[in-house]
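Visitor: got a predicted structure plus its sequence, pasted below:
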Amino acid sequence: MGEAVSFMPSMNPGQLRGALRIEVARRSSGESFIRDQFFCAPFHLSKPYWTGSLLLINVVNPTAGLFSGDQLHLEVTVRAGASVLLTAAAAARAHSSGDRFAGCQQIFKVEQAGWLEVYPELFIPQAESRFRQETEIQLEEGAEMFFVETLAPGRVASAESFEFFELSWRTGISYAGKLSVLEQFNIKPDDEVLRPLRKVFPQFYLGNCFLMTKRTLPVEIISKIAALHQHERVRVGITKLRSAGYVIKVMARDTLALSSALLSIRALLSEIFPNLAVSPRKN
């Protein structure tokens, strides 16, 4: 296992240090399987399911969420020719954490001709929480990936919105040894950068989609994704990366609008990437 990244808070007795490591390979028959795995609380894996085209792995977190100083480390390796859909059964939560951050480090590696989709449930930062996440993704030439990140403003159903203390999010994606994407933000509820966004949707939900591929999307597919942009419910934008792939941004007024937009994006892209036709919610 790799060491925690430098921004992670130091551990105190009683704080949680969870880990998950999965290596998925391809049999000569074409079926993908878990060749090696390790996990400890709060991570748990439900029984993997071969859909006929990819291996669906559901990561379960049986705990209430992350508390002050908790750290998670997740590492997934997809070997050459293997295909994986990594999803989750429930939303991830960060709870009140005082002056200490909870943290998560994620590392994904996809070898040549491998396919990885990461499609989690919502991340919900609750009142007075502090959370930092770093994601590192490395794809070899010829690998492909659809990676989704989501963010809720808080427990909106409990009349709690933008009451977290601080969020720090960093995502770096390299393709064929070259950096393709580097996104980083640090936000607090009273930051000026949130004001124009909250004028659009006072309690907005965010979705980031990274489609990494050397293939070029047909103009009609790009147009259909852009057409999902609806002023009263959701805003959608798509940008082609210089090296390989596309970034699709979604901002929605509520969780149903975000979920609907993300599923519509998957459905449209499945015309080119059949693996995206597989439901991410089979348990």
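Guide: The structure has been received and is ready for your questions. Numbering: from 1, shown residues only.
Visitor: could you find the closest non-adjacent residue to Trp115?
Guide: Once flanking residues are discounted, Trp115 sits nearest to Ser83: 4.1 Å by CB to CB, 6 or more residues apart in numbering. Where you see a C-beta, it was placed from the backbone N, CA and C, and this is true even at glycine.
Visitor: swap that for Arg215, sorry
Guide: Closest to Arg215 by CB to CB, 6+ apart is Ile272, at 6.8 Å.
Visitor: pLDDT of stretch 157-177, averaged?
Guide: Average pLDDT, stretch 157-177: 94.
Visitor: confidence score at the residue nearest to Arg215?
Guide: At Ile272, the pLDDT recorded in the model is 97.
Visitor: repeat for Gly98
Guide: 77.
Visitor: that one - that's part of a strand, no?
Guide: No. Judged by DSSP: H, G, I helix; E, B strand; the rest coil, Gly98 forms no part of a strand; its state is coil.
Visitor: which residues touch it?
Guide: For Gly98, the contacting residues are Ser68, Glu128, Arg130, by CB atoms under 8 Å, 6 or more residues apart in numbering.
Visitor: what's the neighbour count on the last one?
Guide: It refers to Arg130. Around Arg130 there are 23 other residues, counting by other CB atoms under 10 Å.
Visitor: tell me the bridge partners for it.
Guide: Glu166 (DSSP bridges).
Visitor: that one and Ile173, how far apart?
Guide: 25 Å (CB to CB, to the nearest Å).
Visitor: likewise for the first one?
Guide: Distance of Ser68 to Ile173, computed by CB to CB: 30 Å.
Visitor: so for these two, which residue has more residues nearby?
Guide: Ile173 (24 against 20).
Visitor: surely that one touches Met212?
Guide: Yes. With contact defined as CB atoms under 8 Å, Ile173 and Met212 form a contacting pair (6.5 Å).
Visitor: what helix or strand does Phe147 sit in?
Guide: strand 144-151 (DSSP states H and E).
Visitor: check which helices and strands that strand sits against.
Guide: When contacts are defined as 3 or more CB pairs under 8 Å, 6 or more residues apart in numbering; DSSP states H and E, strand 144-151 packs onto strand 102-110, strand 115-119, strand 123-125, strand 130-139, strand 166-175, strand 205-212, helix 255-269.
Visitor: output the below-cut-off pLDDT ranges for the stretch 51-200 of the chain.
Guide: 62-64 (pLDDT under 70).
Visitor: for burial, what's the neighbour tally of Pro274?
Guide: The burial count for Pro274: 12, using other CB under 10 Å.
Visitor: kindly report the same for Met145.
Guide: Around Met145 there are 23 residues (other CB under 10 Å).
Visitor: for Glu149, same thing?
Guide: 17.
Visitor: list the contacts of it.
Guide: Pro120, Phe123, Thr135, Trp169, Thr171, Leu206, Gly207, Asn208.
Visitor: let's see it at 6 Å
Guide: Asn208 (CB atoms under 6 Å, 6 or more residues apart in numbering).
Visitor: okay, it and Gly245: tell me how far apart.
Guide: 15 Å.
Visitor: and if you look at Leu55?
Guide: Counting by CB to CB, the gap from Leu55 to Gly245 is 22 Å.
Visitor: still on that earlier bit, of the contacts of Gly98, closest to Glu111?
Guide: Distance ranking of the contacts of Gly98 against Glu111, using CB to CB, places Arg130 first at 35.4 Å.
Visitor: so who does the closest one touch?
Guide: Applying CB under 6 Å, 6+ apart, the residues contacting Arg130 are Ser97, Phe101, Phe165, Glu166.
Visitor: same list, these, but as CSV with neighbour count please.
Guide: Shown next, in CSV, are those (neighbours: other CB atoms under 10 Å):
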residue, neighbour count
Ser97, 23
Phe101, 24
Phe165, 18
Glu166, 17
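Visitor: the residues you listed into TSV, with extra columns for distance to Leu241?
Guide: Converted to TSV, the contacts of Arg130 look like this (distance: CB to CB, whole Å):
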residue	distance to Leu241
Ser97	34
Phe101	30
Phe165	33
Glu166	29
